[in-house]
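Q: My questions are about this predicted structure, shown below with the sequence.
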Amino acid sequence: MRRLISFVLEKKKVRSKALAIHFVTKRKISTLHDQFFQDPTPTDCITFPYDEHFLGEIFVCPKVAKEYDPKHPHRETALYIIHGILHLLGYDDLEPKARARMHKKQMKLLKAVDLLKCSLEP
């Protein structure tokens, strides 16, 4: 995952490489989702941006990834991390146009990771 994070930050030309990623349970992600977004359902990832010195925190739920894509849960988790990094860099997915732009960026980055054969499997 460190290689993935470094690759994405390098591709996006981000100078600061300081961020935190927390892998959490469905219960924890549901609690955070409810606490900060008033939605008690489990979600894939939640981000909390900070500043240019410390980009922020990404909370990722690997169980959601495994349920969504049981054959490739590590790749799905990598997608959640890419998605979270994009959020920390200011991308948004609330409006349809912004969501499409963000989706296009994250899939392009995931494809680049796949092409470089960065090992996403343990």
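A: Perfect, thanks for sending it. Numbering: from 1, shown residues only.

Q: Tell me which residues are up against stretch 91-103.
A: Under the criterion CB atoms under 8 Å, 6 or more residues apart in numbering, residues 83, 86-87, 105 lie in contact with stretch 91-103. For glycine as for every other residue, the C-beta is placed from the backbone atoms N, C-alpha and C.

Q: could you redo the last one with a cut-off of 7 Å?
A: For stretch 91-103, contacts defined as CB atoms under 7 Å, 6 or more residues apart in numbering pick out 86, 105.

Q: Tell me the gap between the lengthiest helix in the chain and the middle of its chain.
A: Criterion DSSP state H: the longest helix present in the chain is helix 96-115. Helix 96-115 sits 11 Å away from the centroid of its parent chain (CA atoms, centre = their mean, to the nearest Å).

Q: And it, what's buried?
A: Buried positions in helix 96-115, judged by neighbour count with 16 or more other CB atoms under 10 Å: 102, 105-106, 109-110, 113.

Q: how about the strands in this structure?
A: Along the chain, the stretches classed as strands by DSSP state E are 20-23, 45-49, 56-60.

Q: quick one: average pLDDT of the longest helix of the chain?
A: For helix 96-115, mean pLDDT rounds to 91.

Q: What count of nearby residues applies to residue 32?
A: Number of residues near residue 32 (other CB atoms under 10 Å) recorded here: 18.

Q: That one contacts residue 48, doesn't it?
A: No. Applying CB atoms under 7 Å as the test, residue 32 and residue 48 come out as separate, 9.1 Å apart.
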